[in-house]
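[1] need coordinates for the following:
(one chain, ligands or ions: 3)
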Amino acid sequence: LRDAEHRRASRIPSQFSQEESVTMKESLKGAIQIPTVSFNPGEFNTTALAEFGEYMHRVFPTVFRTSFIRHEVVGEYSHLFTVQGSDPSLQPYMLLAHIDVVPAPDQGWEVPPFSGLERDGFIYGRGTLDNKNSVMAILQALELLLIRNYIPRRSFFIALGHDEEVSGAHGAQKISALLQARGVQVAFVVDEGSFIMDGFIPSLKKPFAMVSVSEKGSLDLMMEVNSTPGHSSAPPKETSIGILAAAVSRLEQTPMPNMFGSGLLKITLQQLAKEFSFPVNVIFNNLWLFWPIVSRLMERDNISNALVRTTTAVTMFNAGIKVNVIPPVARATVNFRIHPAQTVQEVIKLAKDIVVDDRVQYHVLEAVEPLPVSPFDDRALGYQLIRQTIESVFPEISIVVPGTCIAQTDSRHYTNLTTGIYRFNPIYLTPQDFSGIHGINERISVQAYEMQNR
Ligand SMILES: CCCCCCCC/C=C\CCCCCCCC(=O)N[C@@H](CCCCN)C(=O)O
Ligand SMILES: [Zn+2]
Ligand SMILES: [Zn+2]
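    Ligands and ions are numbered 1, 2, ... in the order given. Below you'll find the model as predicted:
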């Protein structure tokens with residue numbers, strides 16, 4: 001297609017037809033109803049994952065029968081689509097999303113977490129934000145474009161992992177190795193991991209788009225205390241549970257150092273400065289002077305605190321076998337999210353220096369270093385394309401800033417294919433929405449989902 005024709009053919013109209021709107025939201029609901037839960041590394045709901053594969057064929061028939069799209073199943077349940085563009089001189093890019101979700105017990109939900117029910121303009125359910133919205137929106141947009149005779153100029157890949165929530169070892173890692181073996185290099189990758197932030201900074205009323213150009217590392221550290229079991233009627237002064245509880249409490253009470261001065265956060269705030277009125281704009285423009293006060297303020301809130309330091313979350317604690325038996329062993333697992341200015345080894349040392357108890361043994365279950373910073377200057381193709389796309393789809397958004405993703409994403413498995421790794425979901429997110437991710441009442445507004453399909 002010539003350029004003008006191509007532009008005409010490839011454009012999705014700003015309004016979807018009534019029928020398209022209904023189809024797209026019903027398709028998302030159907031996806032939520034398939035419980036593709038990842039429980040532990042290597043422990044997935046394989047029946048649901050297989051069903052999800054069949055479901056995609058059913059709701060996106062055009063994607064699967066288009067001659068210039070190759071579909072491959074990788075690692076049994078992950079999916080790789082290669083969409084061949086008309087201009088082979090352009091380096092391809094890649095869109096990522098994941099099919100699996102974290103578990104969701106029914107308690108506390110307004111509607112059952114795998115019902116996909118709609119209430120007051122929202123679709124509820126596990127995966128509506130993390131991350132079946134992206135899986136479905138990417139394929140839905142492609143389906144609609146293909147129906148409108150779209151042929152892309154630039155080739156691209158769509159990689160849908162099935163075990164992101166437990167490591168990505170069977171999905172993303174295998175897809176990345178497969179593409180590397182084929183000699184593929186991509187211009188950039190776009191994954192989940194950031195949003196249009198709405199209400200995250202109290203003095204900023206206007207939402208802003210944050211594209212994550214880096215990602216915190218993580219460390220799952222299991223701490224173990226052993227003690228001699230015996231009759232609880234003649235207990236020792238401290239049990240393994242007591243010793244471990246004290247160690248864990250010291251970790252919780254002693255936050256890791258504030259790293260505000262090192263890293264991207266200063267750039268994020270400087271770029272945001274013009275969105276604020278006096279005096280915050282002056283403060284953000286002069287962080288060399290005001291950083292001590294700003295870094296203190298950021299510590300007050302759980303989300304902004306996660307941007308200034310390595311966080312410590314005690315997520316598992318197991319001990320005891322019977323009420324009248326002194327417990328032989330107590331184990332706790334601590335999940336650290338490592339600030340990009342620190343390393344795994346530094347965090348292990350800091351943890352040991354805080355606990356200072358040689359009765360505690362440490363076992364590293366999983367460790368990932370923080371990710372490098374992807375380019376976000378004027379010549380960075382991926383960043384600039386994402387920025388321009390945000391500005392055109394959301395004209396009311398006046399600023400796009402680079403940031404750091406506080407969670408982990410599958411994109412970390414693709415550093416062998418590109419240096420341009422960007423994390424952004426085109427959705428408005430409030431702090432309340434954020435609490436639904438891995439929490440209760442995860443939901444997406446029908447309107448926001450429709451926008452994600454543009
Ligand atoms: C001054 C700016 C304030 C901005 C505040 C930023 C708020 C951050 C908001 C959203 C980030 C959410 C990211 C959602 C992605 C979730 C991905 C995820 O759950 N990944 C898992 C992977 C586990 C892999 C096994 N180790 C995870 O990180 O646990
Ligand atoms: Zn996710
Ligand atoms: Zn998640």
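
[2] contacts only, for the residue positioned nearest the centre of the chain.
    With distances taken as Cα atoms, centre = their mean, Gly193 lies nearest the centre of the chain, 3.7 Å away. Neighbour list for Gly193: 212, 215, 405, 407, 409, 411, 423-425 [criterion: Cβ atoms under 8 Å, 6 or more residues apart in numbering]. For the C-beta atoms, the positions are set from N, CA and C on the backbone; glycine is no exception.

[3] just give me the closest of these to Thr311.
    Nearest to Thr311 out of the contacts of Gly193 is Ala407 (Cβ to Cβ; 10.7 Å).

[4] please enumerate the strands of the stretch 251-400 of the chain.
    With strands called from DSSP state E, counting those that start in this stretch, the stretch 251-400 of the chain shows them at 311-319, 329-338, 361-368, 400-405.

[5] what does the stretch 301-450 of the chain have sitting close to ligand 1?
    303-304, 366, 405-409, 434, 437 (Cβ under 6 Å from any ligand atom).

[6] narrow those to just the buried residues.
    304, 405-409, 434, 437 (16 or more other Cβ atoms under 10 Å).

[7] could I get these as JSON lines with pLDDT?
    Below are these laid out as JSON lines (pLDDT from 0 to 100):
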{"residue": "Ser304", "pLDDT": "94"}
{"residue": "Cys405", "pLDDT": "98"}
{"residue": "Ile406", "pLDDT": "97"}
{"residue": "Ala407", "pLDDT": "97"}
{"residue": "Gln408", "pLDDT": "97"}
{"residue": "Thr409", "pLDDT": "98"}
{"residue": "Phe434", "pLDDT": "96"}
{"residue": "Ile437", "pLDDT": "97"}
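
[8] which ones among the residues you listed lie within strands?
    The strands, defined by DSSP state E, take in Cys405 from these.

[9] which ones among the residues of the stretch 301-450 of the chain next to ligand 1 map onto helices?
    303-304, 434 (DSSP state H).

[10] gap between the residue of the stretch 151-300 of the chain found nearest ligand 2 and Lys349?
    Going by Cβ to the ion, ligand 2 is nearest to Glu192 of the stretch 151-300 of the chain, at 5.0 Å. According to Cβ to Cβ, to the nearest Å, Glu192 and Lys349 sit 32 Å apart.

[11] who's more crowded, those two?
    Glu192 (26 against 11; other Cβ atoms under 10 Å).

[12] ok, the more buried one - contacts?
    96-98, 130-131, 134, 409, 423, 425.

[13] Arg412 belongs to a helix?
    Yes. According to DSSP: H, G, I helix; E, B strand; the rest coil, Arg412 belongs to a helix.

[14] quick one, what contacts the nearest residue to it once chain neighbours are set aside?
    Nearest non-adjacent residue to Arg412, counting by Cβ to Cβ, 6 or more residues apart in numbering: Leu371, 5.6 Å away. With contact taken as Cβ under 8 Å, 6+ apart, Leu371 is in contact with 214-215, 217, 340, 411-412, 415, 421.

[15] dump those to a markdown table, plus neighbour count.
    A markdown table is the format used below for these (neighbours: other Cβ atoms under 10 Å):
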| residue | neighbour count |
| --- | --- |
| Ser214 | 20 |
| Glu215 | 28 |
| Gly217 | 21 |
| Pro340 | 21 |
| Ser411 | 28 |
| Arg412 | 21 |
| Thr415 | 14 |
| Ile421 | 30 |
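
[16] and for stretch 44-56, what are the contacting residues?
    30-31, 34-39, 63-64, 73, 76-77, 79, 99-100, 139, 162-163, 166.

[17] among the residues you listed, which are in reach of ligand 1?
    Okay, of the contacts of stretch 44-56 touching ligand 1 (Cβ under 6 Å from any ligand atom), that's Val166.

[18] most proximal residue of the stretch 251-400 of the chain with respect to ligand 1?
    Nearest residue of the stretch 251-400 of the chain to ligand 1, counting by Cβ to the nearest ligand atom: Ile303, 4.9 Å away.

[19] hmm, Pro431 and that residue touching each other?
    Yes. Judged on Cβ atoms under 8 Å, Ile303 makes contact with Pro431 at a distance of 6.7 Å.

[20] intersection of neighbour lists for those two?
    Common neighbours of Ile303 and Pro431 (Cβ under 8 Å, 6+ apart) are Phe200.

[21] mind listing what Glu369 touches?
    Counting by Cβ under 8 Å, 6+ apart, Glu369 has contacts 217, 338, 343-344.

[22] flag every buried residue along the helix or strand harbouring Gln173.
    Assigning secondary structure by DSSP states H and E places Gln173 in helix 172-181. Residues of helix 172-181 classed as buried by neighbour count (16+ other Cβ under 10 Å): 172-176, 179.
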